[in-house]
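**Q** Got a sequence here, can you model it:
(one chain, ligands or ions: 1)
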Amino acid sequence: MKKKKIVFATNNAHKLAEIRSMLKGKMEILSLRDIDCHGDIPETADTLEENALIKARFVYTHYGYDCFADDTGLEVKALGGAPGVHTARYAYPDRQDPEANTRKLLAELKDKTDRSARFRTVIALIEKGNEHLFEGVVEGIIATEERGTEGFGYDPVFAPENTGKTFAELGVEIKNRISHRARAVQQLCDFLNENDL
Ligand code: IMP
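**A** All right, here's what the predicted structure looks like:
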């Protein structure tokens, strides 16, 4: 029997490999490149949920494939949930600069005693026109300085709770077991496996 095809609205090789291994070859996961979708899909909404839905709907409407898309935000309590939906472009609204983002975050928290934060990933799935949302959260704190060398983005300053280490110190293998994205992907995979999609 031919494998069902589904698009993951990304070209990020790491994300594609992660989900392909979790679905154990049950489905064929196509990237945006695989379906010749090369334009930038706008991420202009005010919530992670809407941004993920915009991307999944774009692919479903224009290319006719079932599709899922993700969006992630870092939500810092003392900053009222910021940078949240603006996590990727926190320092500069027009471009992504991970080092500048981290510097800005540390500066904003300089005098704050409550450094609690969480990473939240939302995945939107559109399957035969039906929309589903999945969420993965990891609670933690923002360290007072950058620590560790692995990972990307805010990993050197985000320490998941009960570890005393940043994601960049814990390393990719441990991070990928407990991260926000791993938890959201697990929810999605459980749904796809349970519903035999
Ligand atoms: P995206 O929605 O996966 O593109 O994530 C948005 C932004 O959140 C990225 O540009 C990163 O700055 C940040 N981010 C997402 N996931 C992680 C993570 O696992 N570690 C550190 N930063 C992350």
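
**Q** Now do the same contact list for residue 8.
**A** Applying Cβ atoms under 8 Å, 6 or more residues apart in numbering to residue 8 gives the contacts 15, 16, 19, 29, 30, 31, 67, 68, 69. Heads up, the C-betas are built off the backbone N, CA and C, glycines and all.

**Q** Drop anything exposed from those residues.
**A** For the contacts of residue 8, a burial check counting by 16 or more other Cβ atoms under 10 Å picks out 15, 16, 19, 29, 30, 31, 67, 68, 69.

**Q** Around the residue in the chain positioned nearest to the ligand, count how many other residues there are.
**A** Nearest to the ligand, among the residues of the chain, is residue 153, at 2.5 Å (Cβ to the nearest ligand atom). Close neighbours of residue 153, defined as other Cβ atoms under 10 Å, add up to 19.

**Q** Find the nearest non-adjacent residue to it, please.
**A** Nearest residue to residue 153, sequence neighbours excluded (Cβ to Cβ, 6 or more residues apart in numbering): residue 98, at 5.2 Å.

**Q** residue contacts, the closest residue in space to residue 171 that isn't next to it in sequence?
**A** Closest residue to residue 171 apart from its sequence neighbours, by Cβ to Cβ, 6+ apart: residue 150 at 4.9 Å. Taking Cβ under 8 Å, 6+ apart as the contact definition, residue 150 lies against 167, 168, 169, 170, 171, 172, 175.

**Q** same deal with residue 187?
**A** 123, 134, 135, 136 are the contacts of residue 187 under Cβ under 8 Å, 6+ apart.

**Q** Of these, just the buried ones, PyMOL syntax please.
**A** To isolate the buried subset of the contacts of residue 187 in PyMOL, counting by 16+ other Cβ under 10 Å, use the following:
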select buried, resi 123+134+136
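
**Q** Mind putting the contacts of residue 187 into TSV with distance to residue 81 and secondary structure?
**A** As requested, the contacts of residue 187 are exported to TSV (distance: Cβ to Cβ, whole Å; DSSP: H, G, I helix; E, B strand; the rest coil):
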residue	distance to residue 81	secondary structure
123	20	strand
134	20	strand
135	15	strand
136	17	strand
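
**Q** mind putting the contacts of residue 187 in a markdown table, distance to the ligand and pLDDT included?
**A** Formatted as a markdown table, the contacts of residue 187 follow (distance: Cβ to the nearest ligand atom, whole Å; pLDDT from 0 to 100):
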| residue | distance to the ligand | pLDDT |
| --- | --- | --- |
| 123 | 10 | 97 |
| 134 | 14 | 98 |
| 135 | 13 | 98 |
| 136 | 10 | 98 |
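
**Q** show me what contacts residue 140?
**A** Applying Cβ under 8 Å, 6+ apart, we find residue 140 in contact with 116, 117, 118, 119, 158, 159, 160, 161, 163.

**Q** Perfect, I'm done here.
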